[in-house]
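Asker: how would this look folded up:
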Amino acid sequence: MRRRCGRTCAGLPLALALYTPALAATLPGAPATAGSGPRQPPDPAAARAYVESIRPAPALQAFLDHAVADLENTDPALRRARPRVAVIDLTGAVPLLAQVRGDEKVYPASTVKFVYLMAAYAWQERGRLTIDPELDTELSQMIRESSNGATQKVFARLTDTEPGPELDAAAYAQFRDRRLEVERWLQTLGIHDLHAVSPTYDGDGDLFGRDRQFLRDRSVKGGLEAPSRPLGSGRATGGDEFPNRQAMTASGTARLLALLATDRALTATDSATVRQRMKRDVREQPHLVHRIAGGAAAIPGAEAYSKSGTWGPIYSDAGIVRDASGKEFVIAVFTESSPPYRGEAIAQLTRRTAEHIFGAGAAPNGGPT
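Answerer: Down below sits the predicted model:
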């Protein structure tokens, strides 16, 4: 069995770790099977209009500024990690945004995998692929086990690219163009600051040939050029060597999650299925107690749908939090430092945000403080 990124399922029973086609069939919005055909996807123009409708919220911004500052004051390691945070309140008629360093690009680690999960369903809705049993299993491993090997297979299906030796100029031009498929789809939705152009790697020989050729390509805009970022196995790679790496912002991540939460990027059925695949519960996944799921667990009736990332100096999580009444918000938090941050701030910030947005009905129920 391949090593899993960040050991995100440590201690999780296999029966809970695997989201199988058989289990999926028992859930609302079960994945389509072979032969189900394309579905009518939402109009991308409506998604763009919704993204453009998101407005800064002074009261929410004041709350977030205070919450982040308070956590940094009590946790010097968090201050060194320069948290990039974005929150979108979805409870009212107009989505409201607050952010702290939310427009700074950062390497997302495994958090990017939820983007590829959404893309798989978007491709199926457009008749570009079918989520057959093999792909369904790979999607499960990519999200539940955070398998980098599965992510490579999923991304190969999404972009019609395969690993292999370096390519000549003509063949590489085609490969390069196909690698941008997911990013082009995001742009049709009005999301322009997520550079999701590669799978994730273990760093044990799975990064070679044309993959390295692509990561070295400075002509592709949107990547990171910082001195050092992780690509796999905790090994840092210099920006001069690989300028075309994954990059996400907290604000862009939150905007995409807002589309997922409100069924605007995918059909309502597929949105529900994607959220179900991202559902997190610390009773079944205790290793997530310091993440969004841990913060949501402190709120009676709240549920979390998220994807975390842990790799080298990166500690991140992004997701949707919804209470029993249907109120919801999205939150994205990325930290980056050396030594790496591994504290409780993501859970604490999630809990505080839930109490602020959900109001008096969100009385704490234990969990991170």
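
Asker: which SSE is residue 258 in?
Answerer: In the assignment (DSSP states H and E), residue 258 maps to helix 250-261.

Asker: what helices and strands are in contact with the helix or strand that that helix is followed by?
Answerer: Next in sequence after helix 250-261, counting helices and strands by DSSP H and E, comes helix 268-277. Helix 268-277 is packed against helix 113-125, helix 133-143, helix 250-261, with contacts defined by 3 or more Cβ pairs under 8 Å, 6 or more residues apart in numbering; DSSP states H and E. Any C-beta I mention is one placed from the backbone N, CA and C, and that applies to glycine too.

Asker: just put those in CSV and tack on distance to residue 293.
Answerer: Shown next, in CSV, are those (distance: least, Cβ to Cβ, whole Å):
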stretch, distance to residue 293
helix 113-125, 14
helix 133-143, 13
helix 250-261, 15
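
Asker: picking that back up, and the helix holding residue 258, how far out from the chain middle?
Answerer: Mean C-alpha position of helix 250-261 versus that of the full chain (Cα atoms, centre = their mean, to the nearest Å) differs by 9 Å.

Asker: rounded mean pLDDT for that helix, please.
Answerer: In this model, helix 250-261 carries a mean pLDDT of 98.

Asker: packing partners of it?
Answerer: With 3+ Cβ pairs under 8 Å, 6+ apart as the test, helix 250-261 has helix 44-53, strand 84-89, strand 96-100, helix 113-125, strand 194-195, helix 268-277, strand 314-322, strand 328-336 packed against it.

Asker: list the contacts of the longest one.
Answerer: Residues from elsewhere that reach helix 113-125 (Cβ atoms under 8 Å, 6 or more residues apart in numbering): 31-32, 38-41, 129-131, 135, 139, 142-143, 146, 151, 154-155, 157-158, 182, 185-186, 194, 196, 199-200, 256, 260, 265-267, 270, 273-274, 277-278, 306-307, 318.

Asker: can I have the buried ones of these as a ChimeraX selection?
Answerer: Buried residues among the contacts of helix 113-125 (16 or more other Cβ atoms under 10 Å), as a ChimeraX selection:
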select :31,32,41,129,130,131,135,139,142,143,146,151,154,155,157,158,182,185,186,194,196,199,200,256,260,265,266,267,270,273,274,277,278,306,307,318
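
Asker: worst-scoring helix or strand of the protein, pLDDT-wise?
Answerer: Lowest on mean pLDDT, DSSP states H and E among the helices and strands of the chain sits helix 14-17, with a mean of 33.

Asker: report the distance from the lengthiest helix in the chain to the chain centre.
Answerer: Longest helix in the chain, counting residues (DSSP state H): helix 58-74. With Cα atoms, centre = their mean as the basis, helix 58-74 stands 23 Å off its chain's centre.

Asker: quick one: mean pLDDT over it.
Answerer: Rounded mean pLDDT across helix 58-74 is 98.

Asker: that helix packs against which elements?
Answerer: Looks like helix 58-74 contacts helix 76-80, strand 84-89, strand 96-100, helix 345-358 (3+ Cβ pairs under 8 Å, 6+ apart).

Asker: now the helices and strands packed on helix 250-261 as JSON lines including mean pLDDT and distance to residue 176?
Answerer: Listed next are those as JSON lines, based on pLDDT from 0 to 100; distance: least, Cβ to Cβ, whole Å:
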{"stretch": "helix 44-53", "mean pLDDT": "98", "distance to residue 176": "24"}
{"stretch": "strand 84-89", "mean pLDDT": "98", "distance to residue 176": "28"}
{"stretch": "strand 96-100", "mean pLDDT": "98", "distance to residue 176": "32"}
{"stretch": "helix 113-125", "mean pLDDT": "98", "distance to residue 176": "18"}
{"stretch": "strand 194-195", "mean pLDDT": "98", "distance to residue 176": "14"}
{"stretch": "helix 268-277", "mean pLDDT": "98", "distance to residue 176": "28"}
{"stretch": "strand 314-322", "mean pLDDT": "98", "distance to residue 176": "26"}
{"stretch": "strand 328-336", "mean pLDDT": "98", "distance to residue 176": "27"}
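
Asker: can you say which of the ones you listed is nearest to residue 245?
Answerer: Residue 245 sits nearest to strand 194-195 of all the helices and strands packed on helix 250-261, at 7.8 Å, using Cβ to Cβ.

Asker: quick one: list the elements packing against that closest one.
Answerer: helix 181-188, strand 247-248, helix 250-261.

Asker: for the most centrally placed residue in the chain, list the residues it contacts.
Answerer: Nearest residue to the geometric centre of the chain (Cα atoms, centre = their mean): residue 111, 3.6 Å. If a contact means Cβ under 8 Å, 6+ apart, then residue 111 has 248, 253, 307-309, 316-318, 332, 334 as its contacts.

Asker: so residue 147 sits right up against residue 141, yeah?
Answerer: Yes: taking Cβ atoms under 8 Å as the definition, residue 147 is a contact partner of residue 141 at 4.2 Å.

Asker: report the separation between residue 67 and residue 56.
Answerer: 16 Å (Cβ to Cβ, to the nearest Å).

Asker: can you put the helices and strands packed on helix 58-74 in a markdown table and add distance to residue 221 and mean neighbour count?
Answerer: Formatted as a markdown table, those follow (distance: least, Cβ to Cβ, whole Å; neighbours: other Cβ atoms under 10 Å):
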| stretch | distance to residue 221 | mean neighbour count |
| --- | --- | --- |
| helix 76-80 | 30 | 16 |
| strand 84-89 | 20 | 26 |
| strand 96-100 | 23 | 22 |
| helix 345-358 | 30 | 25 |
